[in-house]
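Asker: Pasting a predicted model and its sequence here:
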Amino acid sequence: MAPRTKTKRSTTRQKTAVKKAKTPSGAVATPALAVRQSVRKQKSDPVYMAVGLQLTAHAVGRYPDRASARERMAETIEHIDEKVSGCRHWLGPALKLVVLPEYVLTSFPQGEPVAQWADKAALDMNGVEYERFGQIAQNNGLYLAGNAYEKDPNFPGFYFQTCFIVGPSGDVILRYRRLNSMFAPSPHDVWDKYLDIYGLEAVFPVVETEIGRLAPIASEEILYPEVARCFAMRGAEVFAHSSSEHASPVQTRKDAAKICRAVENIAYVVSANTAGIYGTDLPDNVSDGGSRIIDYRGKTLRVAGPGENVGASAEIDLGALRRERRKTGLNNTLIRQRFEAYAASYADHVFQPANSLLKKDGSLRKPDRTHFLSAQKATIRRLAKNGVI
């Protein structure tokens, strides 16, 4: 994978040229300008089925070594293969998008050092797991979106929590590395180096497909409106939200956020939750149920009950979405955004600082769990001192 040529950057790192930039998938990112121009070239506005496929995650943290963990992960992929094929059989050829839950192959790390978890549970960027996901997508003629821990040879000893989309060709057509995480390294922690290698467009990738412009949202990041907005700025129409979260008959804050992200951006949200997590010290069903699809008006189309199921399946009508985005009037909050009015406030305020895992000489600091807690505590002290909180 060829690194990106260095270019002079502004202090806010926002002035990037509208040109093709290498993404972590090795594919070519579509710049925002190209996405906007492509709207005029589209010949049809497809209508198709999408599913937030609710599946059980089997944690690999208690497995004694890499080999046994990988064996368990391989079994989970075979299970995914069977269930995606079943969805395609029963829902028919209209099914074009399947979203898998967050970290469905491994569940989350349970206190392991970053390097140990990277070795045991993180995927290689060209690993066999992606090859199998490619076969599943290709065999069923659909787009498969998911989430996994992943290593990057540019950042040895690290892993990133990565959302991916695999196309019907079998290729990984999009990779997004989660920016906001509790105990995992983020591209923002190595910001300068990450931008030098991949460029800003690869931080917020949107892929244009025959079923619309797709973008991922990772789990808790549904609570961060800036993430979804940066995708919407680049033309995203459907958010593939891989999650593993507490489900409740009472609306949770993530449930509220899914509606907000849909309304704010006039976009669909296809959200897949786990059907429980086996093999941790938590109750098996702590994250079970509530997968859902929200339309571009904020209407909840379908919600899944507990257990493995396809209750979160609904029709995606891109024509209706695109008509809504092109209307004048009060409800089109997307076109009425005044980003320049907000830009200076964002540029002048630092909450969670960049480059916390990058030394001055450009080498990497060894990430550990204590670092991430210490960074939060330091931010709290600084903001309290400044009278912000």
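Answerer: Yes, it's here.
Asker: What distance do you get for G167 to E210?
Answerer: The spacing between G167 and E210, counted by Cβ to Cβ, to the nearest Å, is 9 Å. Every C-beta, even on glycine, is put in place using the N, C-alpha and C of the backbone.
Asker: out of these two, which sits in the more crowded spot?
Answerer: Taking other Cβ atoms under 10 Å, G167 and E210 do not tie; G167 has more neighbours (21 against 12).
Asker: give the contact list for that one.
Answerer: Under the criterion of Cβ atoms under 8 Å, 6 or more residues apart in numbering, the contact list for G167 reads 137, 143, 173, 209.
Asker: Over to H246?
Answerer: Residues touching H246, when contacts are defined by Cβ under 8 Å, 6+ apart, comprise 252, 286-287.
Asker: Low-confidence bits of the stretch 251-389 of the chain, can you list those?
Answerer: By pLDDT under 70, the stretch 251-389 of the chain contains no weakly predicted segment.
Asker: Measure how buried P168 is and give me the count.
Answerer: Other residues within reach of P168, judged by other Cβ under 10 Å, total 19.
Asker: Would you check that it makes contact with G141?
Answerer: Yes: in this structure P168 lies within contact range of G141 using Cβ atoms under 8 Å: 5.1 Å.
Asker: Could you grab the helix/strand/coil label for A118?
Answerer: State at A118, reduced to three classes by DSSP: H, G, I helix; E, B strand; the rest coil: helix.
Asker: ok, it to I80 distance?
Answerer: To I80, A118 is 22 Å away according to Cβ to Cβ.
Asker: Those two: which is more packed in?
Answerer: Each of A118 and I80 had its neighbours counted (other Cβ under 10 Å), and the higher figure belongs to A118 (24 against 21).
Asker: what sits against that one?
Answerer: With Cβ under 8 Å, 6+ apart as the criterion, the residues that contact A118 are 149, 151, 157-159.
Asker: thinking A267 is in contact with H241, fair?
Answerer: No: A267 is not in contact with H241 according to Cβ under 8 Å; the separation is 10.8 Å.
Asker: the more surrounded of those two?
Answerer: Set side by side, A267 and H241 show unequal neighbour counts under other Cβ under 10 Å, the larger going to H241 at 33 against 24.
Asker: does the more buried one really touch V227, like I thought?
Answerer: No: counting by Cβ under 8 Å, H241 sits too far from V227 to count as a contact (10.8 Å).
Asker: overlap in contacts of these two?
Answerer: The contact sets of H241 and V227 overlap at I217 (Cβ under 8 Å, 6+ apart).
Asker: On the pLDDT front, check the nearest residue to N265 once chain neighbours are set aside for me.
Answerer: Spatial nearest neighbour of N265, chain neighbours left out: A232 (3.9 Å); criterion: Cβ to Cβ, 6 or more residues apart in numbering. What the model reports as pLDDT for A232 is 98.
Asker: and A232, how many neighbours?
Answerer: Number of residues near A232 (other Cβ under 10 Å) recorded here: 24.
Asker: cool, and E112?
Answerer: 15.
Asker: contacting residues for the closest residue to it other than its chain neighbours?
Answerer: When the adjacent residues along the chain are set aside, E112 lies closest to G61, with 6.5 Å between them (Cβ to Cβ, 6+ apart). Under the criterion of Cβ under 8 Å, 6+ apart, the contact list for G61 reads 106-110, 112, 121, 279-280.
Asker: Wait, a strand at G61?
Answerer: No: if the criterion is three-state DSSP, then G61 is coil and not within a strand.
Asker: what separates it from G279, distance-wise?
Answerer: Distance of G61 to G279, given as Cβ to Cβ: 7 Å.
Asker: which stretches of this structure form helices?
Answerer: Using DSSP state H, the helices assigned to the chain run over residues 32-38, 66-91, 114-121, 128-140, 191-198, 225-233, 253-265, 318-325, 339-348, 369-385.
Asker: would TSV of these with distance to M49 be doable?
Answerer: Conversion of those to TSV gives the following (distance: least, Cβ to Cβ, whole Å):
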stretch	distance to M49
helix 32-38	24
helix 66-91	5
helix 114-121	32
helix 128-140	12
helix 191-198	33
helix 225-233	22
helix 253-265	18
helix 318-325	13
helix 339-348	34
helix 369-385	39
